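Visitor: Have a look; sequence and predicted model below, questions after that.
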Amino acid sequence: MSLSVFPVISPDKGVQRQVLSEAPELMVVSFRFEAGAEGKLHSHPHVQSTYVARGRFRFIRGNEAYELAAGDSLVIPGNVVHGCECMEEGELIDCFTPRREDFL
């Protein structure tokens, strides 16, 4: 069995995104951040689960703020405005359901 290899994309300064695996119902994506880089505030209809693989991040989810470190996770319901700031170089592993067609 051969797995697809997806390209590394730089959607914003200091951020790299790579799809790790995908199916119509689910997508797994790695986001690597330099310290100080931001995931700008945005929303999408997909439910998103974020796992902090390494580093520290300040997240905004709706009207709430969270500080997350390696091993922490957060679920973001669809259509909720969210974003993050990387406080210490790190990596997020995000799962989206359904998959993000715009990432393919």
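Guide: Cool, got the structure.

Visitor: I60 reaches V80, doesn't it?
Guide: No. Distance between I60 and V80: 9.9 Å, which falls outside the contact criterion (C-beta atoms under 8 Å). For the C-beta atoms, the positions are set from N, CA and C on the backbone; glycine is no exception.

Visitor: Relative to E22, how far out is R54?
Guide: Taking C-beta to C-beta, to the nearest Å as the measure, R54 falls 23 Å from E22.

Visitor: More neighbours: which of those two?
Guide: E22 (19 against 15; other C-beta atoms under 10 Å).

Visitor: ok, how many other residues are close to E34?
Guide: 13.

Visitor: Let me see the contact set for the nearest residue to it once chain neighbours are set aside.
Guide: Nearest in space to E34, with sequence neighbours left out and distances taken as C-beta to C-beta, 6 or more residues apart in numbering, is G14 at 3.8 Å. Contact partners of G14, counting by C-beta atoms under 8 Å, 6 or more residues apart in numbering, are F33, E34, G36, A37, E38, C86.

Visitor: Likewise for V19?
Guide: Listed by C-beta under 8 Å, 6+ apart, the contact partners of V19 are F6, M27, V28, V29, F103, L104.

Visitor: Quick check: the residue most central in space within the chain vs S43, distance?
Guide: For the chain, the residue nearest the mean C-alpha position is D94 (4.4 Å; C-alpha atoms, centre = their mean). Relative to S43, D94 is positioned 14 Å away (C-beta to C-beta).
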